[in-house]
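>>> Following is a predicted model, sequence given first.
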Amino acid sequence: MGFVALEGVGKVFQGRTGSWEAVRDFTISLEEGEFFCLLGTSGCGKTTVLNMLAGFEAPTSGRILLDGKPVTGPGADRGVVFQGHDSLYDWLTALDNIGFGLRLRGLPRSERRATAERFLKMVGLTGQGAKHPSELSGGMKQRIQIARALANDPRILLMDEPFGALDAMTRAVLQAELSRIWAETKKTVLFITHDIEEACALATRVGVMKRGPGGTLKAVVPVDLPFPRERTSDGFMRVFREVHALIHEEIHGGH
Amino acid sequence: MATSRAATIAGYVAGFLLLFAIWHLAAIYLVRSALFPPPWPVFERAWLLIEDRILQEQIVASMRRILQGFLIGSAVGVPIGLAIGSFRPVRMLLEPWTEFFRFIPAVAMITVSVIWFGIGEESKIFLIAYATVFVVIISTAAGVGAVGRDKIRAAQCLGASRLQIFALVALPATVPYILTGMRVAMANAFVTIVAAELVASNDGLGKMLWDARLFMQIEDIFVALISLGLLGFLTDRVFRLLIRAFAGRFNPTM
């Protein structure tokens, strides 16, 4: 059994207009230290998978294990980077946002500060620590989110389309930074995206989901390419084409 | 920064000068009635009342009541609003109350308040507190309800307890709503104090309005009206300054 295991996980939402099956019989196993990209079209249930692993939502069937122990709710062992930047605390400086998890644990101010500075540097924002989120650009806010999650030293980092709202240039820069940070920290990462190129550039394995409703894992493509990824290389093109074909079937093909 | 502040103040001064100019023209050329005096005699009368320390006494009397009632109303309203916003059972229990009482205006409570508390300070302070408390409750509760889901989720997966989420996330996220509610409540307090002093009081700007009406001292009426406008204006500026100092730093829309 892997470090993280989802076994036959399903989620049915009960709404006013009836029930909605977001995820059906979803099974994966993540190894410690790998970068797993979960790729799918919108509405395929990929964010629901992340929310269940984070503990924000309980699965209606199957089970989720982290290091052999069942996940029952949110916890500090799973850091989350959210899609939007609404999760940052507007009333705190960038540095205090990064140190928030340490503050929750009651660490002394000097220690918090030192750790926060270290992660501020890791995400390339040295000198910006005194600014409030409203004074930072979209890309900088996502960097702060990543630093905040990492400063808390989680066992796994869950990222829900963190670069989805950024322009293409900023996105490319942040993808490269994230690759570097992952290599530095050796964290296990589950990264949700609908961007094929992003998945191929970051992942050690790409999981492609069937389209929703009742989305489930369709195929897992290992990406055996060295970092940093050369996006115009033959190897990258080959992986891209393979993943693209799988996604293409979901957009255009019938079941 | 300094130049923009100077420009703001210059704007205020120009705006007030324009207002007085229009008033002057309207009184001299348009209305031409003893019942609508031009600004100058009103200012003269105001100066006289200031020299005799009569105007200051009325202003202090009214403002003291407003501040006392406002502080009591806010002190009661904020915790109740937080409780309504945070706990479902409290909301279900107390929301009918707030929805019921906020449609009984403080002005309608003057009669009963005078019967209960007499025409002394207590009845006025009660009315101001009453006028304040429901606005503050509703905006505070709305603020708690408006805390972004991801802010709370982020705290949860950083290891926050329920108490920590309340104290370190929900409460600070609600502060701008609380201050905005208090600012609206302050305007309500002005409405209420005048009405209360018109009906039952020995001093204050409302009482001054009432006496001037009785003795047909038309200039005194205008002095009281202008005082109310200026006091309200100044109070609101102070509030905006406070909101900027506490909340505007991270929320440029305030």
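Perfect, I can see it now.

>>> what kind of secondary structure is whatever residue of the stretch 101-250 of chain A ends up closest to chain B in?
The stretch 101-250 of chain A approaches chain B most closely through A:G101 (3.7 Å), counting by C-beta to the nearest C-beta. Glycine gets a C-beta too; all of them are placed from N, C-alpha and C. At A:G101 the chain is in helix, as set by DSSP: H, G, I helix; E, B strand; the rest coil.

>>> Give the rounded mean pLDDT of the helix or strand harbouring B:W116.
Using DSSP states H and E, the element containing B:W116 is helix B:110-117. Throughout helix B:110-117, pLDDT has a mean value of 90.

>>> what helices or strands is it leaning on?
With contacts taken as 3 or more C-beta pairs under 8 Å, 6 or more residues apart in numbering or on different chains; DSSP states H and E, helix B:110-117 sits against helix B:121-145, helix B:171-199.

>>> who in the stretch 101-250 of chain A is up against chain B?
When proximity is defined by C-beta under 8 Å from any C-beta of the partner chain, the stretch 101-250 of chain A lies next to chain B at A:G101, A:R103, A:L104, A:R105, A:H132, A:P133, A:S134, A:R148, A:A149, A:N152, A:P154.

>>> Just the buried ones out of those, please.
Neighbour-count burial (16 or more other C-beta atoms under 10 Å in any protein chain shown) is assigned, among these, to A:G101, A:R103, A:L104, A:H132, A:P133, A:R148, A:A149, A:N152, A:P154.

>>> Strands - which of these land there?
Among those, no member falls in strands (criterion: DSSP state E).

>>> and the two most separated of the residues you listed?
Spanning the widest gap among those are A:H132 and A:P154, at 24.7 Å by C-beta to C-beta.

>>> For stretch A:85-100, buried residues please.
Across stretch A:85-100, burial judged by 16+ other C-beta under 10 Å covers A:85, A:87-100.

>>> Narrow those residues to those in helices?
Cross-referencing the buried residues of stretch A:85-100 against helices under DSSP state H gives A:A94, A:L95, A:D96, A:N97, A:I98, A:F100.

>>> Among the residues you listed, find me the one that's closest to chain B.
A:F100 (6.0 Å).

>>> going on from the helix or strand in which A:L38 is found, what's the next piece of helix or strand?
Applying DSSP H and E as the criterion places A:L38 in strand A:35-39. Next along the chain after strand A:35-39, taking DSSP H and E as the criterion, comes helix A:46-54.

>>> Please identify the buried residues of the next helix or strand after that next one?
Where DSSP H and E defines the elements, the next helix or strand beyond helix A:46-54 is strand A:61-66. Going by neighbour count (16+ other C-beta under 10 Å), the buried part of strand A:61-66 is A:G62, A:I64, A:L65, A:L66.

>>> Now the phi/psi pair for the residue nearest to B:A173 when sequence neighbours are not counted, please.
The shortest distance from B:A173 to any non-neighbouring residue, by C-beta to C-beta, 6 or more residues apart in numbering or on different chains, is to B:V147 (4.5 Å). Main-chain dihedrals, B:V147, degrees, to the nearest 10: phi -60, psi 130.

>>> tell me the contacts of B:V147?
Applying C-beta atoms under 8 Å, 6 or more residues apart in numbering or on different chains to B:V147 gives the contacts B:V169, B:A170, B:A173, B:T174.
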